[in-house]
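Asks: here is a sequence with its predicted model. Questions after.
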Amino acid sequence: MSSIEGLSHLGSKTEYKDNYAPEVLEAFENKHQDNDYWVTFNCPEFTSLCPITGQPDFATIHINYIPDVKMVESKSLKLYLFSFRNHGAFHEDCVNIIMKDLVSLMDPRYIEVIGVFTPRGGISIYPYCNYGRSGTMYEMMAKERLLKYYPQYIMNNK
């Protein structure tokens, strides 16, 4: 099986969804399943809407994961993140929804999603969530990284 078989976004005309669209996410086979390694996406142009005021919220979304069998295809990830543009959700909801959709798509060994939202009303919010596969060392890793999460690290590495 070709590693790009079943991917519909690559090489085709880009269609942007008007609202939250997890169905645009696509995955391909990891060719290095025997290795543990990090994949990092930095998405500096994320936008969503405040569910109360309808005001836009802007963020850099950091996604770090250790793949297993499947990996997320980057163009589909871009289209997926763009689909939040008209979606009303609090900052914390956005990062948790993103993480859960990616876990559902890929079943990674480990994943973390961090939102570095620009200040609104004089307050910055940096929600962090993570997941480690249950019953593995990655579950312990998720607990340790959550307990050691330090948002200043994010600020220094934007």
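Replies: Nice, thanks for sending it over.

Asks: who's in contact with residue 79?
Replies: 9, 14-17, 21, 24 (CB atoms under 8 Å, 6 or more residues apart in numbering). Where you see a C-beta, it was placed from the backbone N, CA and C, and this is true even at glycine.

Asks: that's a strand at it, yeah?
Replies: No: counting by DSSP: H, G, I helix; E, B strand; the rest coil, residue 79 is not part of a strand but helix.

Asks: one step back: check the contacts of residue 79 against residue 118 and report the nearest one.
Replies: residue 16 (22.1 Å; CB to CB).

Asks: tell me the spatial nearest neighbour of that closest one, not counting adjacent residues.
Replies: The shortest distance from residue 16 to any residue other than its chain neighbours is 5.7 Å, reached at residue 82 (CB to CB, 6 or more residues apart in numbering).

Asks: could you list the low-pLDDT ranges of this structure?
Replies: 1-12, 151-158 (pLDDT under 70).

Asks: any idea which helix is longest in it?
Replies: Longest helix in the chain, counting residues (DSSP state H): helix 91-106.

Asks: isn't residue 92 up against residue 127?
Replies: Yes: using CB atoms under 8 Å, residue 92 makes contact with residue 127 at a distance of 4.4 Å.

Asks: who has more neighbours, these two?
Replies: residue 127 (18 against 14; other CB atoms under 10 Å).

Asks: how much space separates the more buried one from residue 148?
Replies: Distance from residue 127 to residue 148, counting by CB to CB, to the nearest Å: 16 Å.

Asks: residue 87 too?
Replies: Taken as CB to CB, the span from residue 87 to residue 148 is 31 Å.

Asks: okay, those two: which has more neighbours?
Replies: Shown here are residue 87 and residue 148; by other CB under 10 Å, residue 87 has more neighbours (18 against 8).
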